[in-house]
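[1] Requesting a structural model of the entry that follows:
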Amino acid sequence: MRTRFLVVALLLALSVYAQDEAQPQAEPQLPAPASPAQTPAQLSPAQAPTVLAPPPAAPKADALLIYNQGRNLDSAGKATEAASKYREAVSICDRELAQDPTRMDAYTVKCWSLFRLNRYAEVVSVGSAALKVKFDARVVEVMGESYFHLNDDAQAVKFLQRYIENSGEYADRVASAYFYMAESYYRQKKYDHADIAYAMATYRESNIARWWYRYGGAAEALGQWAKAAELYAKALRLSPGMQEALDGQSRVRARL
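    Numbers count the residues shown, from 1 in each chain. The predicted model follows:
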């Protein structure tokens, strides 16, 4: 009996062992090895951090350049676009003067731009402030022209003479200064003074028909009929259709 019990127990044990051998054993799961830290040299181009270059500095606004662009537009008959450029030049000058109240170039370009905008009283105001800083013949000249347009002939002559005295006979605006001076004298009926100033203006700049016509008017006012006829003829050679010169020529020829 005891032997039979041992045999049964052995058979049962062998049966359990056979079942355990038939079951597949799962492989042990090992933890993944830690990845080494990537260095910048190991990063791909797509992974590399982007280094942004500083933005290029904006070009400094140039008031004189903007003003000259306005003059070119004026010459092309584009008055609206020209006025926009002059206003822009004024704004640039204001910023420059806020940083440096002694910057004479900024005062000058601002006065020129205001003059082109027909803001003559502002030219005089800005120019007066500039001359308190330093004398500048360019500012003096544009103030003289502005005084003319403000119908202040005494101040116009004073400033235009001052410009000529301090800049020399061959400065850029000498011809225009003489012309405006002549116009101021003419309005004051100082025809002999006007005659001399017109002579200087046309000597410096001989290709402007209107200047010759105005010169002829001064000679006519002085009763110099032959001289006036000659001057009107010079105006007509430059501008054959100028009706004012034709009328003046007819008047003085009748006198002759």
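[2] Now do the helix or strand containing residue 192: distance to the chain's middle.
    According to DSSP states H and E, residue 192 maps onto helix 191-204. Centroid separation for helix 191-204 versus its chain: 35 Å, with Cα atoms, centre = their mean, to the nearest Å.
[3] before we move on, what about stretch 243-253?
    When distances are taken as Cα atoms, centre = their mean, stretch 243-253 is centred 43 Å away from the chain's centroid.
[4] in the stretch 51-200 of the chain, which spans are helices?
    63-75, 79-99, 104-116, 120-133, 137-149, 153-167, 174-187, 191-204 (DSSP state H, counting those that start in this stretch).
[5] Leaving out the residues flanking it, which one is nearest to residue 164?
    residue 177 (5.6 Å; Cβ to Cβ, 6 or more residues apart in numbering). C-beta: built from backbone N, CA, C; applies to glycine.
[6] Tell me who's in contact with the one you found.
    Contacts for residue 177 (Cβ atoms under 8 Å, 6 or more residues apart in numbering) come out as 141, 144, 145, 160, 163, 164.
[7] can you tell me how far it sits from residue 225?
    For residue 177, the distance to residue 225 equals 29 Å [Cβ to Cβ, to the nearest Å].
[8] Closest to the mean position in this protein, which residue would that be?
    residue 66 (2.0 Å; Cα atoms, centre = their mean).
[9] Setting the sequence-adjacent residues aside, check what's closest to it.
    Counting by Cβ to Cβ, 6+ apart, the residue nearest residue 66 is residue 89, at 4.4 Å.
[10] Neighbours of the residue nearest to residue 135 when sequence neighbours are not counted, how many?
    Counting by Cβ to Cβ, 6+ apart, residue 135 lies nearest to residue 166, which is 7.4 Å off, once chain neighbours are set aside. Using other Cβ atoms under 10 Å, residue 166 is surrounded by 13 other residues.
[11] Tell me the pLDDT of residue 166.
    Per-residue pLDDT puts residue 166 at 95.
[12] do the one 4 residues further on as well
    Confidence at residue 170, expressed as pLDDT, is 85.
[13] Flag the shaky bits of the stretch 101-250 of the chain, pLDDT-wise.
    Along the stretch 101-250 of the chain, segments meeting pLDDT under 70 are nowhere present.
[14] For burial, what's the neighbour tally of residue 183?
    Count around residue 183 with other Cβ under 10 Å applied: 23.
[15] Please apply the same query to the one 10 residues further on.
    For residue 193, the number of neighbouring residues by other Cβ under 10 Å comes to 17.
[16] OK, contacts around the nearest residue to it once chain neighbours are set aside?
    Nearest residue to residue 193, sequence neighbours excluded (Cβ to Cβ, 6+ apart): residue 185, at 4.1 Å. Residue 185 makes contact with 153, 157, 191, 193, 194, 197 under the criterion Cβ under 8 Å, 6+ apart.
[17] Could you do residue 169 as well?
    Residue 169 neighbours (Cβ under 8 Å, 6+ apart): residue 204.
[18] Check the one 4 residues further on too.
    Residue 173 makes contact with 138, 141, 163, 167 under the criterion Cβ under 8 Å, 6+ apart.
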